[in-house]
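here is a sequence with its predicted model. Questions after.
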Amino acid sequence: MNIITKSFLFFLISNIYSNAEQLTDSFRLDGYGNISTYSAQTKKNNDSLQFSGGLQGRYQITDRLSATGQVHFKEGFNSSEQASNSLNNYETELKWLYIDYYLIEDITLRVGAFQFPVFKSSETGDIGYSYTWTETPLGFYGVFGCDDFEGGEILKNFSYDDFDFLAQVSFGKSQNELSTGGGPALNGEVDNLVGLTLKTSHDTFILNIGYLQASTTLSSMGQMVQDPNVDFNMYAIESEIYLDDYTIKSGFIKTSLTNVFAEDFNYYTSLEYNYTNFTPYFLYSKETFNFKENTTTQHIQKTQTKVRSIEKYSIGFRYDYTSHIAFKISYQHEIEGIKYYSNYDEERESFNTYTGTINVIF
Amino acid sequence: MLYFKFVILFIMSINLYANNLVVIVSKNSNIQTISKKELSKIFLSKTRNLPNGKKSFLVEIDDKEIRSKFYSEICNKNENQLRKYWTKMIFTGRGQPPKKLKSINEIIKYVANNKNAISYIPSKYLDNSIQTIMEIK
């Protein structure tokens, strides 16, 4: 399927279904789609057009009980790391599948498969329409490759004075291919997963605080793993502040793995100006990843600590063409560096990326 | 000239009155009044209950102008903010937007026949089958 055909189909589908939300009194169908094009010195996706999307169905079984499922699909890459342009090369993933039951006093219990709720955008990172930027500011959508889990959640909405709160407790386990960024991917089941999230909202701001802890026993040990039993913790604090037509968004996230010594610090801040349907923005983000790596040279094993950092400066804008379609364009300057503590060597390289996206919801 | 100004002001005031919204419930509902905060929480799906503790049934007109006025006055959200808000709520399963109906008559009929329903309409469409619990100017 060529680019013109894909684009035509994308617009056709987004318009046909633009009002197909509530199909019956008890069944609701929602969907989203993203079309992205990247250009210039990126490491992959050069000058390609890529599609992704998803569908969510929600069935209200009784007054208190409902079932929800969400499927995400995205276009795969060919051997040249270009969008495959083939209908046979779409990857599909069941993102959410759960039942929820309303207990009392705005307390809801959910059981099934979920996305990580800890970060403000981690649950909706695949849905481009839900955020201003061409992409989420950090690679936090699945730190160490872990982005979903099976288990349960308890949600409680409450208010105090002019503040609204959502408290969320999540627990369960996750079967993910873990990646520590510097080493090989490791297969591991994440157990004893507990997440706590508190979201506070007011007319002038939103504050999101999250904590998650879990443990895993790595079944495929990479070079750097001495002990297969690993615990990991994530902390996140993110905010949105509204000042007239300006919005300031910021976040700080720390993730650490014990035993293998790996720490990930993420920080981002953005300034947006909301002018009717037009939202120009500036976004800065930085990820710093510290980890130990074991290397063997002439039968001598040695451990060295590395720091990998990624800094991104982006300017761009979002244009809301209708209440279902948003266009976004951005320019991003990215600096990647690796620093070795053993000899203070530092490798740095930079990229410039131009990105255009069209995001729809229906 | 002064007479002309009065005429213009009079016409403008009629138009403003016509654009006033009223929040409505059934005649059979025991809700007499509601605060802006309570209304905002209900229509943003932050609570599913009415002030009397009963589960709310929300409907609204599929009309951008009326909806925009309601949400900007009650929830401090414009159309784009609202759409982004619902995108997050829907796809994380934390809430569902009100059911949209095509005409004011459908809204009035739905609210009149359901004592836990709540909605909003332009005040000029008020009739005896429903009662007003808040006026939005």
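Received the coordinates, thanks. These figures come from a predicted structure and were not determined experimentally.

kindly report the residues of chain B close to chain A.
Counting by C-beta under 8 Å from any C-beta of the partner chain, chain B comes close to chain A at B:37, B:41, B:46-49, B:55, B:64, B:76, B:79-80, B:83-84, B:87-88, B:90-94, B:96, B:99-100. Just so you know, the C-beta spots here come from the backbone N, C-alpha and C atoms, and that holds for glycine as well.

next step: those residues restricted to helices.
In helices, judged by DSSP state H, the following of the residues of chain B next to chain A are found: B:37, B:41, B:64, B:79-80, B:83-84, B:87-88, B:90-91.

for B:Ile104, phi and psi?
Note on B:Ile104: its backbone torsions stand at phi -60, psi -40 [degrees, to the nearest 10].

from B:Gln131, how far out is the residue nearest to it when sequence neighbours are not counted?
By the measure of C-beta to C-beta, 6 or more residues apart in numbering or on different chains, the closest residue to B:Ile104 outside its immediate chain neighbours is B:Tyr125, 4.8 Å from it. Distance, B:Tyr125 to B:Gln131, using C-beta to C-beta, to the nearest Å: 14 Å.

again, but for B:Phe57
From B:Phe57 to B:Gln131 the distance is 16 Å (C-beta to C-beta).

over to B:Tyr85?
29 Å.

what do you get for B:Ser40?
20 Å.

what of A:His72?
Distance, A:His72 to B:Gln131, using C-beta to C-beta: 45 Å.

for the residue nearest to B:Ile104, give me the pLDDT.
Per-residue confidence (pLDDT) for B:Tyr125: 88.

check A:Val230 too.
So, for A:Val230, pLDDT stands at 76.

what do you get for the one 3 residues further on?
Here, the pLDDT recorded for A:Asn233 equals 86.

isn't it right up against A:Leu212?
Yes: applying C-beta atoms under 8 Å as the test, A:Asn233 and A:Leu212 come out as touching, 7.1 Å apart.

neighbour count: those two, which is higher?
A direct count of neighbours by other C-beta atoms under 10 Å in any protein chain shown for A:Asn233 and A:Leu212 places A:Leu212 higher, at 23 against 14.

residues contacting that one?
Counting by C-beta atoms under 8 Å, 6 or more residues apart in numbering or on different chains, A:Leu212 touches A:116, A:118, A:170, A:193-196, A:233-234.

how much space is there between it and chain B?
16 Å (C-beta to the nearest C-beta, to the nearest Å).

ok, that residue to A:Lys249 distance?
For A:Leu212, the distance to A:Lys249 - C-beta to C-beta - is 21 Å.

equivalent analysis for B:Ile133, please.
36 Å.

check A:Leu155 too.
23 Å.

could you do B:Ile121 as well?
B:Ile121 sits at a distance of 36 Å from A:Lys249 (criterion: C-beta to C-beta).

partner residues bridging the residue lying closest to A:Phe205 once chain neighbours are set aside?
Nearest residue to A:Phe205, sequence neighbours excluded (C-beta to C-beta, 6+ apart): A:Ile241, at 4.8 Å. On the basis of DSSP bridges, A:Ile241 is bridged to A:Phe205, A:Ile248.

A:Asp30 now?
Beta-bridge pairing for A:Asp30 (DSSP bridges): A:Gln56.
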